[in-house]
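> quick one, what's the 3D model for this:
(chains A and B)
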Amino acid sequence: MSAIAQATSPLARLATALAGLPGGPAWAAWRGAALERLVAAGLPTPRDDAWKYTNLRLLGRRDLSPAPPRPLAASALADLPAIAGPRLVFVDGRYHAGLSAARLPHGCTFTPFAARFAAEAPAALGATLAGDAALADERVRTLNASLAADGPSLVLAPGARPDEPVHLVHVASGGGAYPRTRVELGAGAALELLEYHLTAGGAEAFVAAAGDFRLAAGAALVHSSLQVAGERTILLDDASVVLAAGARYAHRLVALGGQLTRLDLRVALAGPGARAELAGVFFPDGSREQHLRTLVEHRARETVSDQLYRGVASGRGRGSYDGKVIVHPGAFKTESRQSSRNLLLGRESAIESRPQLEINADDVKCSHGATTGTLDEQMLFYLLARGLDRDTARALLTYAFVGDVLRRLAPDALRRAAEARVLGRLPAAELLREFVA
Amino acid sequence: MSDIHKGSVILEIRGLAVEVQGRRILDGLDLTVCAGEVHAIMGPNGAGKSTLSQVLAGRPDYVVTAGTVRYLGEDLLALAAEERARRGLFLGFQYPVEIPGVNNVYLLKAALNARRRQQGLPEVDAFEFLGLVRDKMRLMQMDEGFLSRGVNEGFSGGEKKRNEILQMTVLEPTLAILDETDSGLDIDALKVVAHGVNGLRRDDRAIVLVTHYQRLLDHIVPDQVHVLAGGRILKSGDRSLALELERRGYDWVRAEAAAA
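Residues are numbered from 1 along each chain as shown, chains lettered A, B, ... in the order given. A predicted model of the protein is given here:
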């Protein structure tokens, strides 16, 4: 049996789950059609170039059907960093009003997607949801669209600039979850969005999340994602960002958890002068797999993109950074930087890194660099020669390796929370605390 | 360190042979350094001066194939690099490495406390330490900005060397080995560095200066001068030997040794 056929069977089983989803018969038909296209195409495999480093064969043994609504204790959220701002909580992809603190700032409107499915026809809304299943790298979007029952739909009015970040908390409690996110920023609006992915208890969970982020002219979005999913969670997250003229987008990823996780981050710099700054760290340890794919498209002149990713693998951890930048015709005077550096701490650790650049315009400045290696022996010897013990020295250098990215995290409370969690991952964490006090 | 007094043996090297990547660099080196002394080890490029410094500090990829090294009566070669440092052996690096993201001052505090733990002394807290390091920075004419920077991050060559000496003055080693500390320094920086080193001369401490030129020795006057060439000490003498080397170069020493 081929790998595709093996991977397809769990998808086919999902057809029975469609009946329980919100919206009328028109939505049921729309979802059924999307799922059929996906079943026909099959899940992506490493033979699809965009999935070269991610193998989804694990899915063949998992129950992907949407989790039934179940109660969740507030203690499941106890580990969230204490950061001010309204909080919207989604359990297995469904809005949970009881755990949310949804006093949204002036100019910010939240509508649960469940309500939109009930009120809007698939002809209009559907077009914004489904990816093109024929494109291997959009099949997670299609899977999400087929099964999404709910999720946050946020609109920020033109010029609105809330003081506090808005928190989107995604909790998986076991089984399948298909949260759908849409965030629209009006012209000149500015928002800090903090997204969390976690798992309640040690549940075996599968999450296929998809999000759309639309920034009107001059809008600014700082989108931080703290991924601390459980050891038996498979998390596929697909975010698509479109920036109009002069808009600014920053994405920060701190990926610490999960059994197998992947983020697909697509950014289209569609208007002149739009800028995107993407940074992240990932820490595949144990037998964890963490993958990251970015696709940045410079579609207009004078656009800027900057990518800074650091991966640290230990044990039998595996990971990848697969980043593609496309400069389209006419996107002159664009600037693009890509930096991917990876550290392998174990003999069986592996991280693949593939920065790619496709330039179809003149007068552009593009650079990319990728390295994968072990700890620098000269640095290590210097620290030992100053009396530090080997474990501390190694952990310190590992921590310093991701420092560039962690320092970019805002607000400070998020940075500190992320630093504490990264430290918790390192040997000799206690010894390191004085260095980062 | 009260048991160390002027004249007690701090370092005793006998017949040391070292290979680096399969090449023999040191070949039967003997050297004795006593408390209260400043020794200068001079020699042509490639003589093995840096290899000696690094092997004494415990660099793991340098392989000792023969000989013994005793430090304060202990077998130095049996100790890991960090254990040597904690026992008061300090190497001032020829090329101090930049470690972005590791704070210069936290490293120094950790280094000092590692040493103090070994000595059975209480650790210094952040407040005490800051006072101490500020004093030493004034001595080394270093800017306050050094406090918040990464280890040697973006430092000029001269700043890196000053930082090494700053570390030495804070750590107060029993044996300081300064590897080409004078290279890349302008005359003003050289004077500051020399002033820092001279301030550390004490009866219970020894300093080994590894240098290519005698110019440093105008400012730090050594008790003994050794010529290292071909992997061993070929000749030892007092300050005047350094001046003679400056005038005549190294070839005559090699010729003399070959004839002997």
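> sec struct for the residue in the stretch 201-350 of chain A that chain B sits nearest to, please.
The stretch 201-350 of chain A approaches chain B most closely through A:Arg310 (10.6 Å), counting by CB to the nearest CB. Where C-beta positions appear, they are placed from N, C-alpha and C, glycine not excepted. Here A:Arg310 is strand, with the state taken from DSSP: H, G, I helix; E, B strand; the rest coil.
> who are the contact partners of it?
Applying CB atoms under 8 Å, 6 or more residues apart in numbering or on different chains to A:Arg310 gives the contacts A:280-282, A:340-343, A:401-402, A:404-405.
> what helices or strands is the helix or strand where B:Ala111 lies leaning on?
According to DSSP states H and E, B:Ala111 maps onto helix B:104-119. Packing partners of helix B:104-119 (3 or more CB pairs under 8 Å, 6 or more residues apart in numbering or on different chains; DSSP states H and E): helix B:81-86, helix B:126-139, strand B:150-151, helix B:157-171.
> what residues sit buried inside the last one?
Buried positions in helix B:157-171, judged by neighbour count with 16 or more other CB atoms under 10 Å in any protein chain shown: B:158-171.
> now the following helix or strand past it: average pLDDT?
As assigned by DSSP H and E, the chain's next helix or strand after helix B:157-171 is strand B:175-179. Averaged over strand B:175-179, pLDDT sits at 97.
> cool, and stretch A:150-166?
Rounded mean pLDDT across stretch A:150-166 is 97.
> hmm, who's touching stretch A:404-411?
For stretch A:404-411, contacts defined as CB under 8 Å, 6+ apart pick out A:83, A:165, A:192, A:222, A:224, A:250, A:252, A:254, A:279-281, A:308-310, A:415, A:418-419, A:422, B:100-101.
> buried members of those residues into ChimeraX, please.
With 16+ other CB under 10 Å as the criterion, this ChimeraX line picks the buried residues out of these:
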select /A:83,165,192,222,224,250,252,254,279,280,281,308,309,310,415,418,419,422 /B:101
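> what's the end-to-end length of stretch B:195-214?
From the first residue to the last, stretch B:195-214 extends over 16 Å; the measure is CA to CA, to the nearest Å.
> how about it against chain A, any contact?
No: Stretch B:195-214 does not reach chain A (CB under 8 Å from any CB of the partner chain); its nearest approach is 14.8 Å.
> if you count neighbours, what's buried in that stretch?
Judged by neighbour count (16+ other CB under 10 Å), stretch B:195-214 contains these buried residues: B:196-197, B:200, B:204-211, B:214.
> so which of those sit within helices?
B:196-197 (DSSP state H).
> which pair in the buried residues of stretch B:195-214 spans the largest distance?
Spatial extent of the buried residues of stretch B:195-214 (CB to CB) is set by the pair B:Asp204 and B:Gln214 at 27.0 Å.
> so what's the backbone phi/psi at B:Gly249?
Per-residue torsions, B:Gly249: phi 80, psi -160 (degrees, to the nearest 10).
> state the distance from it to B:Ala255.
Distance, B:Gly249 to B:Ala255, by CB to CB, to the nearest Å: 11 Å.
> report the mean confidence score over the helix or strand where A:Leu396 lies.
Per DSSP H and E: A:Leu396 is located in helix A:390-406. Average pLDDT, helix A:390-406: 92.
> alpha carbons only: can I get that helix in CSV?
Below are the C-alpha coordinates for helix A:390-406, written out as CSV (Å, rounded to 0.1, in the frame of the first residue of the first chain):
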residue,chain,number,x,y,z
ARG,A,390,30.7,21.9,31.7
ASP,A,391,26.9,21.6,32.1
THR,A,392,26.5,25.3,32.9
ALA,A,393,28.8,26.3,30.1
ARG,A,394,26.9,24.2,27.5
ALA,A,395,23.5,25.3,28.7
LEU,A,396,24.6,29.0,28.8
LEU,A,397,25.9,28.8,25.2
THR,A,398,22.6,27.1,24.2
TYR,A,399,20.6,29.8,25.8
ALA,A,400,22.7,32.5,24.3
PHE,A,401,22.2,30.9,20.9
VAL,A,402,18.5,31.7,21.0
GLY,A,403,18.9,35.0,22.8
ASP,A,404,18.6,37.1,19.7
VAL,A,405,15.1,35.8,19.1
LEU,A,406,13.9,35.8,22.7
